[in-house]
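Asker: this is a predicted model, with the sequence first.
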Amino acid sequence: MTIKAITFDFWGTLFTEGPEYAGSIKTLRNEILMDAASEAGVPAEPDAVMAAWRQAALDFDAAWMAEQVMTPFDRVTRIFSYLGLPYDEGHIALTTQRIVEAGLEGNLIPLPGVLEALPQLAKQYRLGIVSDTGISTGRILREQLKRHKLHDLFSGFAFSDETGVVKPKPQAFLAALDEMGVKPQEALHIGDIPRTDIAGAFQTGYPYAVLYTGLSHRNGQPEPTARIVNHLELIPLLKEVIGHAPRAM
């Protein structure tokens, strides 16, 4: 069957965080949490806030490994609990919004070949994104795509905070494919994690799944169709290895 569409993972495949995320944005988020603690009448020291953030991050990782979604609201709820703050849904929601939107204070870095390859690929294939999200929600990631003038190249989006499912569950992939109007058998997926991207794509029914190793290299099964370090490698791969490109749509 002819390949009509390509779905991409977001983090570690298309983009990575700029240095400010470990600097000024991290500081801003800690300040937001300290302000929230003060507003709740239970002031917290910076070290306590950082410890609560780290523990909630570990909780998020555990949920993700168990194929469960933990939304930013859920994570901030846990931080409130670790800090001994009273449960106030409205206060947690407002704090969550501020923490999430702090991500817009920084810029994401496109990984090798993204800016050059995607416009070329979009002329011949429908493009979609299938991404698990953390503190940066689908809304924030769409804004980042717009900053790099890439958003309109995509016709299908599946962010876990919006779909309620994470990879490798087939529903995560099908949400994007349905929006794109293509079947799994007509698509190729590219991502950087064998457990979620490669296994998930094959379980969904994709005939091809490519492992991106341009940022980090993760071992694991199943074996991908191919490995690339630059997205420009997708163009000859699609034409010479996987098959001839379909007509422009």
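Answerer: Structure received.

Asker: show me what counts as buried in the biggest helix by length in the chain.
Answerer: Ranked by number of residues, the top helix in the chain under DSSP state H is helix 46-65. Using 16 or more other Cβ atoms under 10 Å as the test for burial, helix 46-65 gives 48-49, 52-53, 56, 59-60, 63-64. Using the backbone N, CA and C atoms, a C-beta is placed for each residue, glycine as well.

Asker: ditto for stretch 200-220
Answerer: In stretch 200-220, the ones that count as buried by 16+ other Cβ under 10 Å are 200-204, 206-214, 218.

Asker: could you do stretch 163-182 as well?
Answerer: 163, 165-170, 172-177, 180, 182.

Asker: of these, which is the nearest to S155?
Answerer: Out of the buried residues of stretch 163-182, the one with the shortest distance to S155 is M180. That distance is 5.1 Å, counting by Cβ to Cβ.

Asker: in terms of contact, does that closest one touch G156 like I think?
Answerer: Yes - in this structure, M180 is within contact of G156 by Cβ atoms under 8 Å, at 3.6 Å.

Asker: where does this structure dip in pLDDT?
Answerer: In the prediction, the chain carries residues with pLDDT under 70 at positions 1, 241, 243-249.

Asker: farthest residue from the center of it?
Answerer: In the chain, G41 marks the outermost C-alpha relative to the chain mean, sitting 35.1 Å out by Cα atoms, centre = their mean.

Asker: so how far is stretch 93-107 off the chain centroid?
Answerer: For stretch 93-107, the distance between its averaged C-alpha position and the chain's averaged C-alpha position is 16 Å (Cα atoms, centre = their mean, to the nearest Å).

Asker: do stretch 180-189 as well
Answerer: For stretch 180-189, the separation from the chain centroid amounts to 19 Å (computed by Cα atoms, centre = their mean).

Asker: identify the residues contacting that stretch?
Answerer: The set of residues that contact stretch 180-189 without belonging to it, under Cβ atoms under 8 Å, 6 or more residues apart in numbering, is 1-9, 126, 128, 130, 155-156, 170, 173-174, 177, 197-198, 200-201, 204-210, 225, 238, 242.
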